[in-house]
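Asks: need coordinates for the following:
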Amino acid sequence: MRAISQQTLGGPEVLTEVKLPQPVAGPGQILVRVRAAGLNPTDWRHRATAGLFLPEPPFVLGWDVSGEVAATGIGVTLFRPGDEVFGMLPYPHGHGACAEYVVGPARAFAPKPGTLDHTQAAAIPLAALTAWQALVDTAGLGAGQRVLIHAAAGGVGHFAVQIAKARGAYVIGTASAPNHAFLRGIGADEVIDYRDTDVAEAVRDVDVVLDSIDDDNSIRSLRTLRPGGLLVTLRAFGAVDLAAEAEALGVRAIRMLVEHDHSGMLALAGLVESGALRPTIARSFPLSAAAEAHALGDTGRTVGKLVLTVP
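Replies: Next comes the predicted model:
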């Protein structure tokens with residue numbers, strides 16, 4: 001099968017198309033014929049940087065998948081060959097979506113919503129699961145609560161805005177001015193330009209903060225929380241003890257890492273089917289142009305998601 005691999009760490013130019021043996025579904029696994037693979041910032045970080053979660057190359061990156069079940073392993077009852085599915089391979093060690101075929105646990109997947117094509121479906125899993133697990137599973141966000149979402153026009157952010165609105169929350173998003181109309185269009189109640197406004201001074205009494213930027217931003221954002229409020233940061237590692245900083249202010253903070261999640265995927269599919277959740281595709285590329293997609297991702301200026309298609 002064709003796959004995008006790399007022999008060394010580095011810039012997008014280290015990515016090359018290779019031929020690898022087609023994997024075989026083991027017990028509890030399905031073999032998926034990949035039609036599209038979503039990309040995320042974790043892809044460019046692992047491509048370029050040592051000391052994250054993965055060993056040294058060679059490896060095939062990618063966690064987001066949409067495609068058809070080609071075969072099922074022993075014990076699988078949820079799916080049959082021919083079923084259209086989408087899901088997130090186990091993060092971080094289940095990578096390998098940037099290929100023609102991939103295997104993963106059956107319960108990492110859910111039926112693909114019929115209202116989406118494979119490119120749209122592949123844009124959802126990792127970023128939307130991150131937002132769902134942060135806002136719903138971790139923070140318990142509910143109707144009438146106030147949430148501050150940093151980098152709201154990004155991959156995780158634009159899903160977080162929609163999920164929060166579907167939960168009945170009041171949504172405040174941060175983004176540069178050119179992205180304000182986009183955020184209002186997907187449901188943000190209030191949008192703040194972080195470039196000319198001190199968000200930590202302008203926002204008060206929120207119940208939840210979702211931060212994907214850095215620890216400095218998280219520490220400043222603790223001041224926006226009401227007493228007992230919760231900040232969820234997507235930075236799993238950091239030199240700062242955020243929990244201690246939060247406790248000193250009478251609030252809470254937690255670091256989160258996304259997990260593959262069958263029930264979460266079903267919930268996201270339900271939001272898609274109801275019209276409450278829609279992915280925004282910044283751009284799609286054929287599998288052979290993975291290096292070009294990574295180069296665009298490296299800029300950090302895309303609105304929504306980048307996706308590789310696998311014809």
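Asks: so what touches stretch 128-145?
Replies: Residues from elsewhere that reach stretch 128-145 (C-beta atoms under 8 Å, 6 or more residues apart in numbering): 88, 147, 156-157, 159-160, 163-164, 167-170, 207-208, 210, 230, 232, 234, 254, 256, 258-261, 264-265, 267-268, 277, 279. C-betas here are computed from N, CA, C, even on glycine.
Asks: check which residues of that stretch are buried.
Replies: Using 16 or more other C-beta atoms under 10 Å as the test for burial, stretch 128-145 gives 128-137, 139, 141, 145.
Asks: any idea how many residues pack against Asp298?
Replies: Residues lying near Asp298 (other C-beta atoms under 10 Å) number 15.
Asks: which residue, other than its chain neighbours, is closest to it?
Replies: Trp44 (5.4 Å; C-beta to C-beta, 6 or more residues apart in numbering).
Asks: can you tell me the helix or strand for the one you found?
Replies: Element membership of Trp44, judged by DSSP states H and E, is helix 41-48.
Asks: just checking, what packs against that helix?
Replies: helix 290-298 (3 or more C-beta pairs under 8 Å, 6 or more residues apart in numbering; DSSP states H and E).
Asks: now the helix it packs on against helix 41-48, angle please.
Replies: 110 degrees (axes from the mean of the first three to the mean of the last three C-alpha atoms, to 10 degrees).
Asks: shaky segments in this protein?
Replies: Scanning the chain for pLDDT under 70 picks out no residues.
Asks: same thing but 90
Replies: 50-52, 236-240, 300-301, 311 (pLDDT under 90).
Asks: work out which residue lies at the spatial centre of it.
Replies: With distances taken as C-alpha atoms, centre = their mean, Ala127 lies nearest the centre of the chain, 1.5 Å away.
Asks: which residue is the nearest non-sequential neighbour of that one?
Replies: Closest to Ala127 by C-beta to C-beta, 6+ apart is Gly155, at 4.0 Å.
Asks: what distance do you get for the one you found to Val303?
Replies: 9 Å (C-beta to C-beta, to the nearest Å).
Asks: what about those two, which has more around it?
Replies: Gly155 (30 against 18).
Asks: what about the closest residue to His118 other than its chain neighbours, distance to Ser284?
Replies: Nearest residue to His118, sequence neighbours excluded (C-beta to C-beta, 6+ apart): Arg35, at 3.7 Å. Note on Arg35: its distance to Ser284, by C-beta to C-beta, is 11 Å.
Asks: identify the contacts common to the two.
Replies: Common neighbours of Arg35 and Ser284 (criterion: C-beta under 8 Å, 6+ apart): Thr309.
Asks: Thr106 contacts Phe79, doesn't it?
Replies: In this structure residue 106 is Ala, not Thr. Yes - taking C-beta atoms under 8 Å as the definition, Ala106 is a contact partner of Phe79 at 6.0 Å.
Asks: now the common contact residues for these two.
Replies: Common contacts of Ala106 and Phe79 (C-beta under 8 Å, 6+ apart): Ile30, Thr72.
Asks: and the residue sitting furthest away from the middle of the chain, what are its phi and psi?
Replies: Residue farthest from the centre of the chain, counting by C-alpha atoms, centre = their mean, is Ala248 at 30.7 Å. Dihedral angles of Ala248 (phi, psi; degrees, to the nearest 10) stand at phi -60, psi -20.
Asks: quick one: the strands in the stretch 51-200 of the chain?
Replies: Per DSSP state E, counting those that start in this stretch, the stretch 51-200 of the chain carries strands over the ranges 59-60, 64-72, 84-88, 101-105, 109-111, 146-149, 170-174, 190-192.
Asks: do you know which of those strands lies nearest His95?
Replies: strand 59-60 (6.6 Å; C-beta to C-beta).
Asks: which strands and helices sit next to that closest one?
Replies: strand 2-6.
Asks: residues making contact with the helix or strand that comes right after the strand it packs on?
Replies: As assigned by DSSP H and E, the chain's next helix or strand after strand 2-6 is strand 15-19. Outside strand 15-19, the residues that touch it by C-beta under 8 Å, 6+ apart are 1-7, 47, 287-288, 290-291, 294.
Asks: could you dump the residues you listed to TSV with distance to Ala181 and neighbour count?
Replies: Converted to TSV, the contacts of strand 15-19 look like this (distance: C-beta to C-beta, whole Å; neighbours: other C-beta atoms under 10 Å):
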residue	distance to Ala181	neighbour count
Met1	42	15
Arg2	39	15
Ala3	39	26
Ile4	35	25
Ser5	40	20
Gln6	38	22
Gln7	43	13
Arg47	32	25
Leu287	33	21
Ser288	34	14
Ala290	31	27
Ala291	32	18
His294	28	24
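Asks: which of those residues sits closest to Asp214?
Replies: Checking the contacts of strand 15-19 against Asp214 with C-beta to C-beta, the nearest one is Arg47 at 20.1 Å.
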